[in-house]
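**Q** would you be able to build a 3D model of this:
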Amino acid sequence: MRVPLRNEGRRAPLPALCLLLTGSLTGCASATNWLAGEPPPAVMAEMRDIASPGLVGRGSWTGAVSNAQSAGFLVARTEAEWRALWDLVGQPAPAKLPDRLMALAVFLGTRTTTGYGVEIVDVRLERRPGQRDRLLVRYRETEPPPGGARAQMLTSPYTIVMVDRSEAAARYSRVP
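**A** This is a model prediction of the structure:
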């Protein structure tokens, strides 16, 4: 269907006018997101889908966008905790949590540009005589290089790692 350019002596048919109005209204939402420093909703959906391939053959998930607005450290030992963890990611859980495993997660919270990331680099059980066992979870936060190009948008990096189930309390420690 051809929409007349300028005034060619004809009126645009009603369906074409509706299409033009619909396009301009969706453009407003994208412009509002852009002004707020956020990507358009379609881009957010794509970014969230990147890290959800399921449990088979996977031991970790990492992403740049989550629903976490502040830093957080989580342990999911039960199905309810597992689902709550994925609610914070902003996606449905990829599968049921296996009985013999648990998940450890680090959420960095909101960042104003791209280029930030987080990874769990080490998990070890610490045993000390006369004290309860604890899991030491060491993680590394990466920042964008100084002077490098980066997009001005809100991100919220996270990482999740599956480990053997343990009842030991977890302690998180940032490493350089």
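
**Q** mind giving me the domain ranges of this structure?
**A** The chain breaks down by automatic domain parsing into domains covering 12-38, 50-175.

**Q** if you compare these, which one is most tucked away?
**A** Most buried of those by mean neighbour count (mean count of other CB atoms under 10 Å) is domain 50-175; its value is a mean of 15. In short, each C-beta sits where N, CA and C put it, glycine included.

**Q** circling back to that earlier point, mind telling me which of the domains of the chain the model trusts least?
**A** Least confident of the domains of the chain, judged by mean pLDDT, is domain 12-38 with a mean of 43.

**Q** residue contacts, residue 72?
**A** By CB atoms under 8 Å, 6 or more residues apart in numbering, the residues touching residue 72 are 88, 105, 106, 107, 109.

**Q** and of those, the nearest to residue 158?
**A** Comparing those against residue 158 with CB to CB places residue 107 closest, at 4.6 Å.

**Q** helix/strand/coil for the nearest residue to that closest one once chain neighbours are set aside?
**A** For residue 107, ignoring the flanking residues on the chain, the nearest one in space by CB to CB, 6 or more residues apart in numbering is residue 68 at 3.7 Å. In three-state terms, and counting by DSSP: H, G, I helix; E, B strand; the rest coil, residue 68 is coil.

**Q** now do the contacts for residue 68.
**A** With contact set as CB under 8 Å, 6+ apart, residue 68 has these partners: 88, 107, 108, 109, 110, 156, 158.

**Q** need these in JSON lines (columns: distance to residue 75 and secondary structure).
**A** Output for these, formatted as JSON lines (distance: CB to CB, whole Å; DSSP: H, G, I helix; E, B strand; the rest coil):
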{"residue": "88", "distance to residue 75": "13", "secondary structure": "helix"}
{"residue": "107", "distance to residue 75": "13", "secondary structure": "strand"}
{"residue": "108", "distance to residue 75": "17", "secondary structure": "coil"}
{"residue": "109", "distance to residue 75": "18", "secondary structure": "coil"}
{"residue": "110", "distance to residue 75": "22", "secondary structure": "coil"}
{"residue": "156", "distance to residue 75": "19", "secondary structure": "coil"}
{"residue": "158", "distance to residue 75": "14", "secondary structure": "strand"}
